[in-house]
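Enquirer: Structure, please.
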Amino acid sequence: MFQPPTFLLACALALALAIPARCEEAPATDNVVVDAPTEAIITGALRYLVSQQQTNGSWTAQGRKGDHPVAMTGYVLLAFMAAGNLPEEGDYARQVSAGMQFLLDSLQPDGTYRGVDGSKYMYNHGIATLALAELYGQTRSPALRPKLERAVKLIVSTQSEKGDNKGGWRYRPFPGDADISVTVMQVVALRAAKNGGIEVPQQTIDDAIDYVRRCRFGGAGGFSYQAGRGPDGFARTGAAIYSLQVCGQYDDPLVAAGSDYLFDKNKPNTQWWTYGCNYASPAQYMIGGPTWKRWYGLMRDELVRTARREGDLSYWNGDVGPVYCTAVHTTILAMPWHYIPLYQR
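Expert: The predicted model follows:
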């Protein structure tokens, strides 16, 4: 069984950051553990993801909405990292190293990734940069830093600057429009990069916080897709309170209200459920205590029940394809192992 690492390095880094961070481990009273049936599902899911890796090191979505190799590789790398794998550590070090190299080879001199659909570019950019930032933070690879810095500078330079959109990001790599789904990916990538010692302007973070707060909609604790426009929704709210917390706003009343909203609107097998849980789960994890214990119990029961099994492989499927669903669900199930620094409180 995997064992959680120490948190001394994460705490030392947090002290030097402008974004506040909480360094303590999850309270012992949480009693949130990965039990044997869940670990068996995680093990099978990692084997499934290994079986889907392409010869160039990437993963593809294999879904109805395109292959998206840059984004899918980012998601899968996070799943492997959540289970304790790094380029030179863990049972799947070779696969992680190949996936990391694919992303590095895809990064161009201007900080963009090659081969990404332009209409959805920044979403792909955010998840890939998050994966590279987490890898850099844990390995300090000298080959990684200069390319990661380029990707981070592109995020900073494409933040929207005017009106209700100020502080957010949208799909194309230039300032303009904004929405919460693209904004969350840039915010978490910036936080992970800053944790690793990459320079991120504090004004960029402050403006992002203001944008997310302006997406609050109605009195039930939910958030909308864009500032000043309804309706609210499950995935949107998960993205919002996740963003606020990685920006250091752990005790913002909007986070507690949003958490309650997520419990109320958690409806498995509905459209965008997996997508929403990808944000809601780390958000609830960072709240911790009984909130995280209750949330993880709900997620574990549902995901273990719905996992498909073929021999020693486990996977899930959905609109975006089995690689995406399996990567996201594996990451969620492995969170009690505390391997991803971004999620730590």
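
Enquirer: What distance do you get for Ser314 to Gly137?
Expert: The span separating Ser314 from Gly137 equals 28 Å under the rule Cβ to Cβ, to the nearest Å. From N, CA and C alone the C-beta is placed, and that goes for glycine too.

Enquirer: Kindly report the same for Cys325.
Expert: Counting by Cβ to Cβ, the separation of Cys325 from Gly137 is 26 Å.

Enquirer: What of Asp177?
Expert: Asp177 sits at a distance of 30 Å from Gly137 (criterion: Cβ to Cβ).

Enquirer: same question, Pro175
Expert: Taken as Cβ to Cβ, the spacing of Pro175 relative to Gly137 amounts to 27 Å.

Enquirer: Compare those two (neighbour count), which wins?
Expert: Per other Cβ atoms under 10 Å, whichever of Pro175 and Gly137 has more neighbours is Gly137, with 23 against 17.

Enquirer: tell me the contacts of the more buried one?
Expert: With contact set as Cβ atoms under 8 Å, 6 or more residues apart in numbering, Gly137 has these partners: Leu13, Ala192, Asn195, Gly196, Gly197, Pro341.

Enquirer: If you rank these by neighbours, which is first?
Expert: The member of the contacts of Gly137 that has the most neighbours, counting by other Cβ under 10 Å, is Ala192 with 27 neighbours.

Enquirer: Touching, that residue and Glu134? I think so.
Expert: Yes. Applying Cβ atoms under 8 Å, one finds Ala192 in contact with Glu134, separated by 5.3 Å.

Enquirer: Can you check which residues contact both of these two?
Expert: Common contact partners of Ala192 and Glu134 (Cβ under 8 Å, 6+ apart): Pro341, Leu342.

Enquirer: For the protein, give me the ranges with low pLDDT.
Expert: 1-30, 63-66, 345 (pLDDT under 70).

Enquirer: Quick one: the helices in it, in order.
Expert: Assignment of helices within the chain using DSSP state H yields the ranges 8-15, 36-51, 69-82, 93-106, 121-139, 145-157, 180-195, 202-214, 234-246, 253-265, 273-287, 289-306, 322-333.

Enquirer: so which of those gets nearest Ala227?
Expert: Judged by Cβ to Cβ, the one of the helices of the chain that comes nearest to Ala227 is helix 202-214, at 3.8 Å.

Enquirer: Go through the closest one and flag the buried ones.
Expert: Neighbour-count burial for helix 202-214, counted by 16 or more other Cβ atoms under 10 Å, picks out Thr204, Ile205, Asp207, Ala208, Ile209, Tyr211, Val212, Arg213, Arg214.

Enquirer: Over to stretch 35-53?
Expert: Buried residues in stretch 35-53, counting neighbours by 16+ other Cβ under 10 Å, are found at 38-50, 52-53.

Enquirer: Nearest to Asp264, out of these: which one, please.
Expert: Relative to Asp264, and with distances defined as Cβ to Cβ, the nearest of the buried residues of stretch 35-53 is Thr38, at 24.9 Å.

Enquirer: do you know how far the closest one is from Asp301?
Expert: Separation of Thr38 from Asp301 (Cβ to Cβ) stands at 10 Å.

Enquirer: and Gly115, how many residues sit next to it?
Expert: Gly115 has 12 neighbours, counted by other Cβ under 10 Å.

Enquirer: same thing with Thr55?
Expert: As a burial measure, the neighbour count of Thr55 was computed by other Cβ under 10 Å and equals 6.
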